[in-house]
Structure formats: C-alpha cells, structure tokens
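Enquirer: here is my input; please provide its structure:
(2 chains)
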Amino acid sequence: MSDVLTADESIILQMVVGLLYPFMLLFGFYVILNGHYTPGGGFQGGSVLASLFVARYVVYPVDDTDTEALHSIQRVFLALIVIAPSAVLFTGVVARNPQFRSLYLTTMDVLIGVQVGFGLGVAVLRFAFFQGVGKTWHL
Amino acid sequence: MRYIASAVFVIAVFFVVTSVTTRYSAELDPFMYDYMIENFEDDTHAKNAVAAILLDYRMYDTMFEALILLTAIIGMKQFLPGAADLRARDESEPVPQTESTQEHGDE
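Expert: Below you'll find the predicted structure:
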C-alpha cells in the first residue's frame, strides 16, 4: 500500500484548504463583528478563527509556528479584556454616553474573539506537536 | 491501589453532586429574566440578548471566563513537553529506535 497518499501529500486537499482559508477568516470575523446583532460573538467567532490553525495543520504538519508568540498575543488581549471594561463600563462612561454602546460591544467582541482564537490555536498546536512531530493521515 | 482509590473517590463525588442537584430544586421568581428580556435593548443597544448579558450585565463572568482559557493553556504548557525541548533532548542523547516512532503516520 505504498501508493496511498497521506493528507499532506494530497494536492486536492491542499488546494481546497487554500481556497477555503480566506473564507474561514472572513466567516470568523463576520461572526465576531455581528456578535451583538446576530447569534454568535467573541467566543464562537474565536473558535472559527482557531479552525484556521487546524486546517493548516492538516495539510502541513510541520512545527514552524511560534506558539510562544501566539501565547504572548493572547496574554496581551486578555489584559485588554480586563482593562477595557474596567476603564469604560464599570466606571459608568458607557452608561453616560449611549452613542458609544455599539462601539463598546464590538470592541469587546473583537478582543474576546482574537483572544479565544489564539488561545485555542496554541492549544491545538501544542497537542498536535507534543511528541515532537506532527501526525498525518492516510486518505 | 492509589489509582483505584482515586477512581472510587471521583465516582463517589460525581454521584453525591448529581444527587444533591437533583434532589433539591427551588422555583425562583424570574424577575431578572423578565427585567433583562424587557430592557436589554434600551440598556445596552444590543439586538442580541445573549451578547447583552455576556458583555454588559455579566461582564465579570466574561472576564474570568476568558481567564479560564489562559489558565488551561498555562497548565497545558506546564505539563506537556514542548516540541523544541523534545528535539533538543533527542539530539543530545540519542535514544534507541522505539515502536512509537516507527508507526508514524499509520492511522
């Protein structure tokens, strides 16, 4: 069975994932940015963004992503998630200026979405490469 | 023996917790529910009640929910050896070829 392709050798899978990649990014940010109008929001859209890491890992199981940098970005965004409501929501700035309410909701959705996306990405990559090499699958 | 004891302990805790939550139930007056359903649009200008509760009424909950993910990843990084560490260890002291490295890509 030496002619059986693995997932990272299949040109069909590589092309399809390459085509779907921008649409996955777009759908993730659509879910995040419309979080206060439609079902969805930061956590759900962030999970969609994390599927980008999974899709890349399926067709290219090479450990060349700097998960430390991703984790640093996640920590920065978590700090912003704590700082932003402390500065504007708990102090009553948003309550006194109702025109900023939508901006506040969108900003918090984006912060939470990016934080969850990078966090789940780090989790997936660390579990995928914890033996030192990634696994690939026979099609 | 320790594994059996800890397994018995975990199962016992599971049954205690589930029996407590199923035996005692209380019907509360849903005044918060009514208030939020009626007023979330004026209060937060969100069209989605879930987003209104998540990002305005219950903002503390959301903040610490985001912290849970960070805590999980910190624990995971603490207990899983990193790929770079493993590769450095393999290069410094070559280990004999084991079965687990041969069946790479078998699934």
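
Enquirer: buried sites along stretch A:52-67?
Expert: A:Leu52, A:Phe53, A:Ala55, A:Arg56, A:Tyr57, A:Val58, A:Val59, A:Pro61, A:Asp63, A:Thr65, A:Thr67 (16 or more other Cβ atoms under 10 Å in any protein chain shown). Every C-beta, even on glycine, is put in place using the N, C-alpha and C of the backbone.

Enquirer: what's the span of that stretch, first residue to last?
Expert: 14 Å (Cα to Cα, to the nearest Å).

Enquirer: and it, how far from the chain's centre?
Expert: 13 Å (Cα atoms, centre = their mean, to the nearest Å).

Enquirer: is chain B contacted by that stretch?
Expert: Yes: legend: contact between stretch A:52-67 and chain B by Cβ under 8 Å from any Cβ of the partner chain is shown at A:Asp63.

Enquirer: now that stretch: average pLDDT?
Expert: Throughout stretch A:52-67, pLDDT has a mean value of 84.

Enquirer: equivalent analysis for stretch A:37-48, please.
Expert: Per-residue pLDDT over stretch A:37-48 has a mean of 88.

Enquirer: so what touches that stretch?
Expert: Residues lying outside stretch A:37-48 but in contact with it, judged by Cβ atoms under 8 Å, 6 or more residues apart in numbering or on different chains, are A:24, A:27-35, A:108-117, A:119-120, B:46-48, B:50-51, B:54-55, B:65.

Enquirer: quick one: which of those sit in helices?
Expert: Here DSSP state H is the test, and the contacts of stretch A:37-48 give A:24, A:27-33, A:108-117, A:119-120, B:50-51, B:65 as lying in helices.

Enquirer: pull out the buried members of those residues.
Expert: Neighbour counting over those (16+ other Cβ under 10 Å) leaves A:24, A:28-29, A:31-33, A:108-117, A:119-120, B:51 as the buried ones.

Enquirer: in chain A, which residue is most central in space?
Expert: Residue closest to the average C-alpha location in chain A (Cα atoms, centre = their mean): A:Gly117, at 2.4 Å.

Enquirer: please name the nearest non-neighbouring residue to it.
Expert: Computed as Cβ to Cβ, 6 or more residues apart in numbering or on different chains, the closest residue to A:Gly117 that is not its neighbour in sequence is A:Leu49, at 3.3 Å.

Enquirer: helices along chain B, start to end?
Expert: Assignment of helices within chain B using DSSP H yields the ranges B:2-23, B:31-44, B:49-52, B:59-79, B:83-92, B:99-102.

Enquirer: gap between stretch A:63-83 and the chain center?
Expert: Per Cα atoms, centre = their mean, the centroid offset for stretch A:63-83 relative to its chain is 11 Å.

Enquirer: and it, what's buried?
Expert: So, applying 16+ other Cβ under 10 Å, buried residues of stretch A:63-83: A:Asp63, A:Thr65, A:Thr67, A:Leu70, A:His71, A:Ile73, A:Gln74, A:Arg75, A:Phe77, A:Leu78, A:Leu80, A:Ile81.
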